[in-house]
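Trainee: Here is the input, now give the coordinates:
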Amino acid sequence: MTTKLTPREAADCANKGAHNQRLQEFIVLSPPRELEEFCHYLDAGAHSKYFHLARIALDLWLAEAADKTAQKLVAGTDTLITETKTLVKLTKGLIGLTVVLAIIASFEIFKFLFGLLCRHVQ
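Mentor: Next up is the predicted model:
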């Protein structure tokens, strides 16, 4: 098994006009940082085919990363919507309980005042 080319070695092969399997493997299998480094080492205008192939591979990496991020964002948004619906239900319940408590308190205050009034009249 052959060792993988470094970005510098791959660029040197491309700059010399080499068309070998290792160079193609480098472009297909390298992570974004290595592809970017490879593009920087390419001579301007020399064998631009490899520059375009590296850019396509880099664009694919970025698209896949964006897709993963979007999926996480959608999942997080779905969770947030569910939690918000639960919070709305709990808030409505709390409002209802507060109204019941206010009504009970009003009756208790009325009974207390009525009791005072009855004592004062006697």
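Trainee: All the helices of the chain, residue numbers only.
Mentor: Counting by DSSP state H, the chain has helices at residues 7-15, 21-29, 32-41, 48-121.
Trainee: Could you dump these into CSV and include mean pLDDT?
Mentor: As requested, those are exported to CSV (pLDDT from 0 to 100):
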stretch, mean pLDDT
helix 7-15, 90
helix 21-29, 89
helix 32-41, 90
helix 48-121, 92
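Trainee: so what's residue 11 closest to, chain neighbours aside?
Mentor: Excluding its sequence neighbours, the residue lying closest to residue 11 (Cβ to Cβ, 6 or more residues apart in numbering) is residue 41, at 3.2 Å. Placement of C-beta: from N, CA and C, glycine included.
Trainee: In this structure that neighbour contacts residue 7, no?
Mentor: Yes: with contact taken as Cβ atoms under 8 Å, residue 41 and residue 7 are classed as touching, separated by 6.1 Å.
Trainee: Which one's more surrounded, these two?
Mentor: Shown here are residue 41 and residue 7; by other Cβ atoms under 10 Å, residue 7 has more neighbours (20 against 15).
Trainee: OK, contacts around the more buried one?
Mentor: Residue 7 makes contact with 26, 30, 34, 35, 37, 38, 41, according to Cβ atoms under 8 Å, 6 or more residues apart in numbering.
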